[in-house]
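Visitor: heads up, no residue letters with this:
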């Protein structure tokens, strides 16, 4: 849909003659380019249906962030195996996907999905050059999407309702923000490994409806973090059968993945803005620059090592441990993994429905070594280590023909057309500490950190079983204790440095933004997890709220500046917690680790910290106040 018309007026001086041009260019936030750069797997033996994953390359697809842009890098699409159903709709009447009859009659491909990938999304709020990684799932025919342990897949400022939460935070070392997981530095094709695995963390049971034992758990493999981060609770998949009995025991809680669906790591080119201009009766178009890192053979690796897993990979080991056996190492057994031969084909690109010609000859999808999905570039399209898609197109004989910049008439104005940057002041995501977020509630916090995308993340530490997702279930104390003990064993025995997913067959691993990595407070090292409650734009480019944003002025801090010992006093409302952060948003002092002996006044010793500016956050009985302090 065309949403804006821009008129550009230029005056060029040639000797003593002035020439005037009016350029009529329009921008649309639509399908300036659309298509699926895809690969698929060969036939998979039936027993390898307990999980799947691969490595995806990470790089800045666009040189700088652009408004209205959405392209997913290679990602997953797992669905439950319902091949025994040939005719009956899995999606009840009234669900969102029933508006798309082309998915019928069974709607099995969109009934329930586990998706997620690195990428860029239209509704992303905090931008930086590199992509982010997002989990995502659709448990009920796209009526709802669940992407983090609190929030949906972008969209809303508020968290999911207490009864629709579906992801349990498992890792006690990695934050999962609602706007996605950020990467460190400037990756140029380094690899992110991710696999979804069905794990029997809980038993199947019946509570009005049958609920299975599959806890689909996301494992990641990067340079600075390895292991499970979160899982979809089985109940989230079973709920669709509450008012539609045909779906009982047909969701991902009870059924394993459909291996005939295939998995290869597809790039979805979804929403790309474009400018249009006209010259001599012909329409010309411009899209943002899309760049892909290449090696010495002009090849881009998109994904590799697509792997399917059986029950003996890790599932049976967890069952054995739960029945009194040895605790599993966590490492995926290579003997029970299956790497299929991959296949691909030329991409069908279009521009707002008009077929695009000329890209496949520049960047051809290929499979190398049987399991590496790549683009092979023509030498003329490679410069400075990147292969680049054509930016310009013209309408020709019913097609959009890719052309180079010198073939675009000056009068179209496209050469000078600049794509808008995203909103510099996005709305925050925020979960208030009410309902499931408050009862039983966190054990420590708030804590704050600034990420590479210049967002400020606030999080609390919850006892694992007390995190919000579990409060909707009327579980017995025994069931809660059983799951809590299992997670405590995971925290005790599995580290973020050991191997789980096998190392990539080639290439090197990417690193997560180091500020995503956290350490539990003293006393909460085992059995507690960090839950993000808020993500907002950071102030001062890298720090937290300054004193002018304080919600209360009842606190007194002295002396300022200080040489190290700072006194904090609040005679009216008292002091319940003190948090000190550096300019990177990192916590350098927390009174949960240093008890406050006097509820009205306390001293903070920062004498061992470097000189500079810090922010001190004071929690009292009514509010949280943040003030700037200076160490000299």
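Guide: Noted; the coordinates are in hand. Note that the structure is a prediction, hence the values are computed from the model and not measured.

Visitor: Which of the three states applies to the spatially most central residue of the chain?
Guide: Residue closest to the mean C-alpha point of the chain, counted by Cα atoms, centre = their mean, is residue 134 at 1.8 Å. Three-state assignment for residue 134 (DSSP: H, G, I helix; E, B strand; the rest coil): strand.

Visitor: got the contact list for it?
Guide: The contact partners of residue 134, by Cβ atoms under 8 Å, 6 or more residues apart in numbering, come to 116, 117, 118, 119, 121, 147, 153, 180, 181. C-beta coordinates here come from the backbone N, C-alpha and C atoms, glycine included.

Visitor: need those in JSON lines with pLDDT and neighbour count, can you?
Guide: Shown next, in JSON lines, are these (pLDDT from 0 to 100; neighbours: other Cβ atoms under 10 Å):
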{"residue": "116", "pLDDT": "86", "neighbour count": "22"}
{"residue": "117", "pLDDT": "93", "neighbour count": "24"}
{"residue": "118", "pLDDT": "96", "neighbour count": "26"}
{"residue": "119", "pLDDT": "96", "neighbour count": "22"}
{"residue": "121", "pLDDT": "95", "neighbour count": "20"}
{"residue": "147", "pLDDT": "96", "neighbour count": "23"}
{"residue": "153", "pLDDT": "92", "neighbour count": "21"}
{"residue": "180", "pLDDT": "97", "neighbour count": "28"}
{"residue": "181", "pLDDT": "98", "neighbour count": "24"}
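
Visitor: follow-up on the earlier one: enumerate the beta-bridge partners assigned to the residue nearest to the centre of the chain.
Guide: residue 117 (DSSP bridges).

Visitor: Can you give me the pLDDT of it?
Guide: Residue 134 carries a pLDDT score of 96 in this model.

Visitor: repeat for the one 5 residues further on
Guide: Confidence per residue is given as pLDDT, and for residue 139 that number is 97.

Visitor: show me what contacts it?
Guide: Neighbours of residue 139 in contact, by Cβ under 8 Å, 6+ apart: 112, 146, 166, 232, 236, 237, 239, 240, 251, 252.

Visitor: What is the nearest of those to residue 222?
Guide: residue 232 (21.1 Å; Cβ to Cβ).

Visitor: phi, psi of the residue nearest to the closest one when sequence neighbours are not counted?
Guide: Closest residue to residue 232 apart from its sequence neighbours, by Cβ to Cβ, 6 or more residues apart in numbering: residue 216 at 4.6 Å. Dihedral pair for residue 216: phi -70, psi 110, per degrees, to the nearest 10.

Visitor: bridging residues for residue 216?
Guide: Residue 216 forms beta bridges with residue 198, residue 232, as assigned by DSSP bridges.

Visitor: and the protein, what are its domains?
Guide: 35-160+194-213+234-276+285-402, 545-632 (automatic domain parsing).

Visitor: how far does the longest one sit from the chain's center?
Guide: It refers to domain 35-160+194-213+234-276+285-402. 12 Å (Cα atoms, centre = their mean, to the nearest Å).

Visitor: Now the helix ranked longest in the chain: buried residues?
Guide: Criterion DSSP state H: the longest helix present in the chain is helix 477-493. Within helix 477-493, the residues scored as buried using 16 or more other Cβ atoms under 10 Å are 480, 482, 483, 484, 486, 487, 488, 489, 490, 491.

Visitor: Also stretch 427-437?
Guide: Neighbour count says stretch 427-437 has 428, 429, 430, 431, 436, 437 buried, by 16+ other Cβ under 10 Å.

Visitor: what's the span of that stretch from first residue to last?
Guide: Distance between the boundary residues of stretch 427-437 (Cα to Cα, to the nearest Å) amounts to 21 Å.

Visitor: residues making contact with it?
Guide: Counting by Cβ under 8 Å, 6+ apart, 125, 150-151, 157-159, 162, 165, 177-179, 441-442, 460, 468-469, 471-472, 533-537 sit against stretch 427-437.

Visitor: so when I look at residue 236, I'm seeing a helix, right?
Guide: Yes. Counting by three-state DSSP, residue 236 falls inside a helix.

Visitor: Relative to residue 177, how far out is the residue nearest to the centre of the chain?
Guide: 10 Å (Cβ to Cβ, to the nearest Å).

Visitor: anything in contact with each of the two?
Guide: Contacts common to residue 134 and residue 177, judged by Cβ under 8 Å, 6+ apart, are absent.

Visitor: I figured residue 181 was touching residue 510, is that so?
Guide: No. The criterion here is Cβ atoms under 8 Å, and residue 181 misses it with residue 510 at 10.8 Å.
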